[in-house]
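S.K.: here are the coordinates; sequence isn't available:
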């Protein structure tokens, strides 16, 4: 298995633009997580899905952020409109109920100018 | 007070040194304790996993948990330049991943 795959690896966008981050979890994993990492706040859980259903989105900073998981092999995190303070590295991770380990993707480095 | 606290470093040590990395936490419900290693511009990867109190050893790495003190440690023996990374502790009350709480990470540099 190729692991968790995220795209794009880097994104530079202007303030006010819509940004969509993509994630393909490991096949067979039924949990998917979106995290944001910054120097100031560390690694923060934004939202997680179980069997494609959003379970806890309490970490989503505000309504500008939304996440979907239309099927077991694909998820998106959308920011609309983007702001400079959204600049961070966004990680997607997946795991199974039987395994505590979360497998992380390489991350998407987002810069909003 | 943050739920999980960790000295951010950076911590610089010479090659071969013993490294001690630590986290403290406030939630007594945490039972599953993990250490993740994150290389620059990469995602975190699981290094050690421990349940409840006690020690666990894996090669040059030893994880210790003291639930009574709400304190966990990761020891690295004979540290190598390849150990240079950020080390994140993570904790969970359940044995599956959705309740992970991560520490802010300690940046470690092992100098040749």
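M.R.: Arrived safely, thanks for sending. Owing to the predicted nature of the structure, the values given are computational and were not obtained by experimental measurement.

S.K.: mind checking the SS state of residue A:55?
M.R.: strand (DSSP: H, G, I helix; E, B strand; the rest coil).

S.K.: wait, what's in contact with the residue nearest the centre of chain A?
M.R.: Residue closest to the average C-alpha location in chain A (C-alpha atoms, centre = their mean): residue A:34, at 3.3 Å. Listed by C-beta atoms under 8 Å, 6 or more residues apart in numbering or on different chains, the contact partners of residue A:34 are A:23, A:45-48, A:67, A:75, A:77, A:90-92. Where you see a C-beta, it was placed from the backbone N, CA and C, and this is true even at glycine.

S.K.: swap in residue B:85?
M.R.: Applying C-beta under 8 Å, 6+ apart to residue B:85 gives the contacts B:37-40, B:107-108.

S.K.: show only the entries of the residues you listed found in strands.
M.R.: By the criterion of DSSP state E, membership of the contacts of residue B:85 in strands covers B:37-38, B:107-108.

S.K.: quick revisit: same list, the contacts of residue A:34, but only the ones touching chain B.
M.R.: Subset of those in contact with chain B: A:45, A:48, A:91, counting by C-beta under 8 Å from any C-beta of the partner chain.

S.K.: quick one: buried ones out of those?
M.R.: For these, a burial check counting by 16 or more other C-beta atoms under 10 Å in any protein chain shown picks out A:45, A:48, A:91.

S.K.: name the SS class of the second one, please.
M.R.: Spelled out, that is residue A:48. Following three-state DSSP, we place residue A:48 in the strand state.

S.K.: quick check: bridge partners of it?
M.R.: residue A:33, residue A:56 (DSSP bridges).
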